[in-house]
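Peer 1: Predicted model and sequence below, questions to follow.
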Amino acid sequence: MTLAEWGVLGALLLYLITIASIKWIRFRGFDNSRPRDPVFYQDAIAQRALGAHQNGIETFPFFAFAVLLAEFRDSPQRLIDELAVLFLIVRIAYVLTYLGNRPTLRSILWSIGFAINLAIFFMPMLKRLLPV
């Protein structure tokens, strides 16, 4: 497996850990028979963890598809790997800023992550312009 493919797994685990951590921290208040109970998410940190989790679900498909498309179209693997790792670092920072209630920085990080995804996605089209 390539580093970028491990990055896809990392992005998946990140959005799962984001919500699992709040459920683990507040496990006595979490009722697994009602996992979407809005009462559990009334606390501000729980709301932000849920928001970060949902955003991770929303961003994951595009990232995974962009990585696979770039790899299947023989784009420079080293560049795909570097951008995938950078995306994962940005997503970790995004989650931390979401949990820390830093909306402006969070939006900036989201935009950077989206730009990285676009770069990976369009890499096959631009690969003749890229270094080997």
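Peer 2: Perfect, thanks for sending it.

Peer 1: which residues in the protein form helices?
Peer 2: Assigned by DSSP state H, the helices in the chain fall at 3-25, 44-72, 77-99, 103-126.

Peer 1: from those, which stretch is densest packed?
Peer 2: For those, the largest average neighbour count (mean count of other C-beta atoms under 10 Å) is found in helix 77-99, namely a mean of 20. Where you see a C-beta, it was placed from the backbone N, CA and C, and this is true even at glycine.

Peer 1: got the angle for that one vs helix 44-72?
Peer 2: 170 degrees (axes from the mean of the first three to the mean of the last three C-alpha atoms, to 10 degrees).

Peer 1: Between the helices of the chain, which one is closest to D31.
Peer 2: helix 3-25 (10.2 Å; C-beta to C-beta).

Peer 1: so N117 touches A66, yeah?
Peer 2: Yes - under the criterion of C-beta atoms under 8 Å, N117 is in contact with A66, at a separation of 5.2 Å.

Peer 1: before we move on, the earlier item: could you point out which of the helices of the chain sits nearest P35?
Peer 2: Closest among those, using C-beta to C-beta: helix 3-25, at 8.3 Å.

Peer 1: Does anything pack onto that closest one? Which helices or strands?
Peer 2: Counting contacts by 3 or more C-beta pairs under 8 Å, 6 or more residues apart in numbering; DSSP states H and E, helix 3-25 packs against helix 44-72, helix 77-99.

Peer 1: can you give me the offset of it from its chain's centre?
Peer 2: Averaging C-alpha positions (C-alpha atoms, centre = their mean, to the nearest Å) puts helix 3-25 8 Å from its chain's average.

Peer 1: got any ranges where the protein has weak pLDDT?
Peer 2: Low-confidence segments of the chain (pLDDT under 70): 27, 130-132.

Peer 1: cutoff 90 now
Peer 2: 20-43, 46, 74, 126-132 (pLDDT under 90).

Peer 1: and the closest residue to V90 other than its chain neighbours, how far is that from R28?
Peer 2: Counting by C-beta to C-beta, 6 or more residues apart in numbering, V90 lies nearest to G113, which is 4.5 Å off, once chain neighbours are set aside. In this view, G113 and R28 are 34 Å apart by C-beta to C-beta, to the nearest Å.
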